[in-house]
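Asks: here is a sequence together with a model predicted from it:
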Amino acid sequence: MNPVTSRTVKDTPGGGNGCFFLDSAKCVRMIFPNSRMGGADMDKNSTRLRYYSIFVSFVLTIGNTTVCAASEHPRLPSLELPSELELAEDHVFGLESEDGTFGRIADVAVDSKNNIFVLDGGFFRVVKFSDSGELLSTFGGQGEGPGDFRDPMAIAVGHDNRVYIGGTGSLVAVYDEDGTPITSFRRETDTFGAPVRSIAVDSRGYIYLSTIDVLHQKTIFKFSGDDYSLVQAFGRSFAMGQDVDTRAERVFGGGFVDVDPNGVLLYSQLSPPQVSIFGDDGELYETIPTRATQEEVPDIRVSAVGDSERVEFFVPWMSDKILCLDGGSFIVTTISPGDENSRPAYIDYYGPNGRLQKTAVRESPFRPVCIDTRRRLYVIENREEGGKEFPVVVRYTIGN
């Protein structure tokens, strides 16, 4: 491999089960029990890693737990761009917050009153805003007690306005709309302890978690909204029937879920990118090809480096969160390769027929993560203020 341009980002490690994963903000994460990353303290500013454009590899030095990445440019799929998806900026959340700027935005959710919940994985908290951008409250914290979480990755709000937060160890914390802890529940984990990457709640209160089970090769877990018991596990891992190392499967085997108003579940597979449509009984209705669906499955190479082992993971393309619109339409983002100044994100709008109709192309970081009932799109970006860049949430209205 020939490494190309890179940039350094900060991220937050945590204790755990000795597994790798890629978090929802596309930052490389690694968890080792009772260890330190390169000798650095495990706080929100300690870990530095190299993140390159999309053909990603990870390097692990056993004992010293060094993580880095390199990339090359895979071929672009031959796909004609459809008409432009119009996005008009409406509001920016975060730059002028009374509670300071965000550390690392992991996810965003909106409740039935159009209040906005920003999951800040850098400062281990949820920041709640009104529809107009007024800061309403903050809650949560780092730890293991009620109302605490570690390495949060996903947030969702149910129709009863209960807030669900998931992350490391398949644990989901439940809060009321004011941020008071209610309870927590957990998927019974396999030995690899994959995190919860995405959460969706349907109109009947059922909770869907996207988290890979390597042993049984399931990717979606449905829980009761009454007693939080497991109802069903379904969805197949990309590795099923393939000769894939389990380490690659647990890094890239998960995806993202959303539920439309009719209870139809949509799942976007992280890599290779594709969209699967399920009924609320877990039956697979249809699989829709998206950009780079036919690309290679994630690959792994292991080699010796002195007395240590070098482990590299390769993936040419990745999809991101899927967002349901009315009438069976949806939006899904695909991250494409590029140079250090331009790594395009394709924000693709699919109609009810499953065909790509419109596209917006933006330079990363540009990560759509939530859409509200008024068809407004919430995007994680970086914005400059006072000569420095800060992560923010930008709300856009979607043109017809």
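Replies: Perfect, thanks for sending it.
Asks: helices of the protein, residue ranges please.
Replies: Taking DSSP state H to define them, one finds helices in the chain at 246-252.
Asks: flag the shaky bits of it, pLDDT-wise.
Replies: Residue ranges of the chain with pLDDT under 70: 1-81, 96-100, 189-193, 336-342.
Asks: try it again at 50.
Replies: Filtered on pLDDT under 50, the chain yields the residue ranges 1-76, 78, 339-340.
Asks: so Glu296 sits against Pro273, correct?
Replies: No - using CB atoms under 8 Å, Glu296 is not in contact with Pro273; the gap is 11.9 Å. (C-beta placed from N, C-alpha, C; glycine too.)
Asks: okay, the two: which has more neighbours?
Replies: A direct count of neighbours by other CB atoms under 10 Å for Glu296 and Pro273 places Pro273 higher, at 27 against 13.
Asks: excluding chain neighbours, what is closest to the more buried one?
Replies: Ser319 (3.5 Å; CB to CB, 6 or more residues apart in numbering).
Asks: what bridges to that neighbour?
Replies: Beta-bridge partners for Ser319, by DSSP bridges, are Thr334.
Asks: since we're on it, how many residues are nearby?
Replies: By other CB under 10 Å, neighbour count at Ser319 equals 25.
Asks: and Ile220, by the same measure?
Replies: Neighbours around Ile220, by other CB under 10 Å: 25.
Asks: just checking, it touches Ser210?
Replies: Yes - counting by CB under 8 Å, Ile220 does reach Ser210; the two are 5.9 Å apart.
Asks: wait, Met153 sits on Asp120?
Replies: No - Met153 sits out of contact with Asp120 when judged by CB under 8 Å, with a separation of 11.9 Å.
Asks: what about the two, which has more around it?
Replies: Neighbour totals were compared for Met153 and Asp120, and Met153 leads with 27 against 24 (other CB under 10 Å).
Asks: from Leu95, how far out is that one?
Replies: For Met153, the distance to Leu95 (CB to CB, to the nearest Å) stands at 24 Å.
Asks: just Ile277 next, same as before
Replies: Ile277 is 38 Å from Leu95, by CB to CB.
Asks: ok, what's across the strand from Pro289?
Replies: Gln274.
Asks: pretty sure it is touching Gln274, no?
Replies: Yes - shown here, Pro289 and Gln274 form a contact pair, counting by CB under 8 Å, at 5.9 Å.
Asks: between these two, which is the more surrounded one?
Replies: For Pro289 versus Gln274, the count of surrounding residues by other CB under 10 Å is larger for Gln274: 21 against 13.
Asks: list the residues that contact that one.
Replies: For Gln274, the contact set (CB atoms under 8 Å, 6 or more residues apart in numbering) comprises Ser268, Thr287, Ile288, Pro289, Thr290, Thr293, Ser319.
Asks: now swap in Val201 and tell me
Replies: Val201 makes contacts with Ala156, Val157, Gly158, His159, Tyr164, Ile207, Tyr208, Gly225, Val259, as judged by CB under 8 Å, 6+ apart.
Asks: identify the residue spatially nearest to it, adjacent ones excluded.
Replies: Once flanking residues are discounted, Val201 sits nearest to Gly158: 3.9 Å by CB to CB, 6+ apart.
Asks: roughly how far apart are the nearest residue to Asp281 once chain neighbours are set aside and Val259?
Replies: Excluding the flanking residues, the one nearest Asp281 by CB to CB, 6+ apart is Gln232, at 7.7 Å. Counting by CB to CB, the separation of Gln232 from Val259 is 14 Å.
Asks: the more surrounded of these two?
Replies: When Gln232 and Val259 are compared for neighbours, Val259 comes out ahead with 21 against 14, by other CB under 10 Å.
Asks: so that one touches Arg204, yeah?
Replies: No - the pair Val259 and Arg204 fails to qualify as a contact (CB under 8 Å) at a distance of 9.8 Å.
Asks: what is the burial count for Asp176?
Replies: 13.
Asks: quick one, phi psi at it?
Replies: phi -80, psi 180 (degrees, to the nearest 10).
Asks: equivalent analysis for Arg104, please.
Replies: Torsion angles, degrees, to the nearest 10, at Arg104: phi -150, psi 110.
Asks: from memory it sits against Pro391, does it?
Replies: Yes - using CB under 8 Å, Arg104 is in contact with Pro391, at 6.5 Å.
Asks: which neighbours do the two have in common?
Replies: Gly122.
Asks: how about the contacts of Val201 in JSON lines, adding distance to Val311?
Replies: Shown next, in JSON lines, are these (distance: CB to CB, whole Å):
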{"residue": "Ala156", "distance to Val311": "33"}
{"residue": "Val157", "distance to Val311": "38"}
{"residue": "Gly158", "distance to Val311": "39"}
{"residue": "His159", "distance to Val311": "43"}
{"residue": "Tyr164", "distance to Val311": "33"}
{"residue": "Ile207", "distance to Val311": "34"}
{"residue": "Tyr208", "distance to Val311": "31"}
{"residue": "Gly225", "distance to Val311": "39"}
{"residue": "Val259", "distance to Val311": "36"}
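Asks: what is in contact with Ile220 and Ser210 at once?
Replies: What both Ile220 and Ser210 touch, as defined by CB under 8 Å, 6+ apart, is the set Val257, Tyr267.
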